[in-house]
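[1] Kindly return the folded structure for what I paste below:
(one chain, ligands or ions: 1)
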Amino acid sequence: MPAQSNPQMEPYARHVIVCTGGFCSPGHRGRELYSLLAQLLQREDLLFGPRRIKRGETPCLGVCSDGPVMVVYPEGVWYARVTPRLLERIVVEHLRDGRVVDEAVFHRLDP
Ligand code: FES
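    Now for the predicted structure:
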């Protein structure tokens, strides 16, 4: 039996996970952010090529307050109280230009 080859994929520069659960942001505002994130990534040309971003959602990130909450890897930078306006800054400044939006960060992985 021939050996199976591994799946092929273009690498991602970053991975963004958005909490779309209802405990950190009643009204499920995270869901709106998740949809808006797709639009912003497309607008900033971050869906394909070497800078591309993988977007994911989860029902909970274990914070459960001060949401919507999202995290960006590989930096391990966590953002709280993400509004549509802040999300736009995160996409442009962090995901596109590589500058973390420090004033909105509430947690970072240890370096
Ligand atoms: S419900 Fe969003 S962090 Fe738990």
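
[2] what bridges to Glu57?
    Applying DSSP bridges to Glu57 gives these bridge partners: Val18.

[3] can you map out the strands along the chain?
    Under the criterion DSSP state E, the chain contains strands at 14-19, 53-58, 70-73, 77-79, 105-108.

[4] wait, doesn't Glu93 sit right on Val101?
    Yes: counting by CB atoms under 8 Å, Glu93 touches Val101, with 5.4 Å between them. Where C-beta positions appear, they are placed from N, C-alpha and C, glycine not excepted.

[5] Counting neighbours, go ahead and name the busier of the two.
    For Glu93 and Val101, the more surrounded residue by other CB atoms under 10 Å is Val101, and the numbers stand at 18 against 14.

[6] That one reaches His94, doesn't it?
    Yes: at 5.7 Å, Val101 counts as touching His94 under the criterion of CB under 8 Å.
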